[in-house]
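[1] No letters, just coordinates:
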C-alpha cells in the first residue's frame, strides 16, 4: 500500500470517542471533504436524526432517497443492529483505493456509533436512575461519604427529616445542624460500616427536624466495588402508619372495642401467664350488669352501651394498674387482684357497690346495677381459674337474690323515661284510668281486674321508650318503614312488662292493645272477641281522649264530634256493643244528662 494511502488510512482510523453525534459528524465532514473532495455528505443515525452538508436549503428526513448525477458512495452502517447510512458525493469518479479507504472508514465509523449509542444509553439510564431516586415516593434516599458528608438527598428525605436538599448537600452531619439523635445514627454507621456486598438493616425510631419521632425501616449499603467503601447509600422507609395500625390491631385483639378494657382473650392469657410464672393473684372479682338485655330491647343498644361504658369507667378508676380489669362477656366484667387478703378483696367489692350508688345519684336518668361476687386465694395451690369460677358462682347467687328488685328498678326507670318524653298530653294516663274503670265497673269487673286496668291505662304505651324520637315526634305522616318501626312498641312493651313482676299480669294486654274489632289492627290481626275485653275498652277510651284533648299542633275536638266518630268506627275499629256503653257511662252520665244518638251514622 503506497505511503499516501497509509497516511490517509491512519488519519481516518484515528477516531476519538465523541460525546455526541453532532461532534462526530463535524469531524466526519472535515475529513471527507479534505481527503475525498466530497461535494455533499449525509450521515443518517437510525431512529434519530439526519446530518448533512452541501444540500443548501434542502431538508432531508430519515430514509430519504438521494439522487445524484455525480459519483456516489453509499453504505449501510451496522451489522449486529442497524446504525444508519453514510452517503458521500463527489464530482469525479472514485478511485479504487478511495473506495477501500471509505469501507475501512465506515467500519471505524460503526465502532464509534456503537460507542456513542452505548454511552447515550448509559447516560439515559443514569438520568432515569437519578430521577427515580429523586422522586421515589416511599424511600427516603440519601448518600454520604466516610466523613459523614451528605452527597445526595432526595425529596422523600426532605419530607421525612424536614431538611431541604440545599441545607444539607455537601455538609457534614453534625449535632448542631441536624440534631444530636440524627447525628448519632450517622456516626453509628460510620463507626461500624457495612462491608462491600452486604447491607445493614434495622428498624427503629428517627427524629425529624421538629423532634418528632418517626418509625422507619432502614437499609444502609456501601457504594462502589472496592473493598474499602468510601460512599454509603441509606434508604429509610417511613413505617409510622404501619406501626400505628399494628399497635391498633394488637390493641383491638386484646381489648374490648366499646369500653377499652382488656377482653376475654387477654384475660385468659393473663391467667395462664400468672399460673406459669408463679406470680401471685390474691383474688378475683366478677361483676354482672343487671338488666342489660331489657335496656337493649327497649331503649336501644346505644343506651345499653352507655351503661357498659359507665360500669367500665367505675371499675377502671377503682383499681390499680397492677390489677387487671377486663370485660369478659357481653354484660360481665372481671378483675384479677395482685395483692390483698380476704378483707381487702371484700372491701374492694364493697367500693364497687358504693361507686355504683354514687353514679346513680348523680346520673339518675338510667340507673346502673351491678351484681358483684368475689373469691380469695386461701392456699398457694389454688388455681386462678378455680378462683374465677368461684367468684362467678358467688356473683350468680347474689344476682338471683337481687333479680326482682333490679328488674323493678329498670322498669321504674323506663316509666320515668316515658313520662320525660311527654309525647302524650299531661294527665292522659289518669283520664284513661278513670274512663276504663267506669266502663269496667258497669260490666261488673272485680277489684283486682280494676287494678290491672289502671296499670294498663298507665303503662300501655311503655314500649314507646324504645322508639326513636324522630319517628315518635314526626309531625308528618310516617313512611311505610317508619310505620313498621312504630308498631314495634307493642312487642317492646310486652318484653318490659314480662321483666317486672308488677306488670306481668298486663303484659299480654300491652301486646294486643292496638288490635281492631274487624281484624285490621296489629300486631296479630285478632278479630272480635278474640281481642281481650280490657284492650277493647282501652281502645275506645284512648281514641276518645286523643280527640278531645289539646295537642301541640291543634285544639281539642268537641265531645259531640268525638262521639260521632266513635259511633262511625263501631264495628270496624271498636267493639260495637262497648261504644254505646262507653258513651252512656263516660260522656253523658258524667255531664249529668242522657242523650239519644239515633241520628249518628253507624260504621259499615
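    Done, it's in. Because the structure is predicted, anything quoted here is derived from the model rather than measured.
[2] ranges for the helices of the stretch 401-550 of the chain?
    Using DSSP state H, counting those that start in this stretch, the helices of the stretch 401-550 of the chain run over 428-442, 447-459, 469-472, 480-486, 489-498, 507-512, 533-548.
[3] I'd like these as CSV, with mean neighbour count and mean pLDDT appended.
    In this view, the C-beta of every residue, glycine as well, is placed from N, C-alpha and C. What follows is these, written out as CSV (neighbours: other Cβ atoms under 10 Å; pLDDT from 0 to 100):
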stretch, mean neighbour count, mean pLDDT
helix 428-442, 19, 89
helix 447-459, 18, 88
helix 469-472, 13, 82
helix 480-486, 13, 90
helix 489-498, 22, 87
helix 507-512, 22, 94
helix 533-548, 21, 93
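[4] mind listing what's buried in the longest strand belonging to the chain?
    The residue-count maximum for a strand in the chain (DSSP state E) belongs to strand 213-223. Across strand 213-223, burial judged by 16 or more other Cβ atoms under 10 Å covers 214, 215, 216, 218, 219, 220, 221, 222.
[5] just stretch 35-46 next, same as before
    The neighbour-count check on stretch 35-46 (16+ other Cβ under 10 Å) flags 35, 36, 38, 39, 40, 41, 42, 43, 44, 45, 46 as buried.
[6] I'd assumed residue 11 was in contact with the first one.
    Yes. Under the criterion of Cβ atoms under 8 Å, residue 35 makes contact with residue 11 at 7.2 Å.
[7] contact partners of the helix or strand following the longest strand of the chain?
    Per DSSP states H and E, the first helix or strand lying C-terminal to strand 213-223 is strand 231-238. With Cβ atoms under 8 Å, 6 or more residues apart in numbering as the test, strand 231-238 has contacts from 138-146, 151, 157, 160, 189, 193-194, 206, 214-224.
[8] what pLDDT does residue 178 get?
    Model confidence at residue 178, given as pLDDT, is 72.
[9] From residue 235, how far off is the nearest residue to it once chain neighbours are set aside?
    Once flanking residues are discounted, residue 178 sits nearest to residue 163: 6.5 Å by Cβ to Cβ, 6 or more residues apart in numbering. Between residue 163 and residue 235 the distance is 17 Å, computed by Cβ to Cβ, to the nearest Å.
[10] What of residue 199?
    Distance, residue 199 to residue 235, by Cβ to Cβ: 9 Å.
[11] the more surrounded of the two?
    The neighbour comparison of residue 199 against residue 235 (other Cβ atoms under 10 Å) goes to residue 235, with 23 against 14.
[12] if we can go back for a sec, joint contacts of residue 199 and residue 235?
    In terms of Cβ under 8 Å, 6+ apart, residue 199 and residue 235 are both contacted by the residues 219, 220.
[13] Around residue 154, how many other residues sit close by?
    By other Cβ under 10 Å, 21 other residues sit near residue 154.
[14] Equivalent analysis for residue 397, please.
    Look at residue 397: counted by other Cβ under 10 Å, it has 11 neighbours.
[15] Low-confidence stretches in the protein?
    By pLDDT under 70, the weakly predicted segments of the chain are 1-7, 9-10, 12-17, 175, 180-181, 225-229, 400-426, 551-553, 588-604.
[16] Helices of the stretch 151-300 of the chain, start to end?
    Ranges of helices in the stretch 151-300 of the chain, per DSSP H, counting those that start in this stretch, are 155-161, 165-168, 175-178, 180-191, 240-254, 264-277, 292-299.
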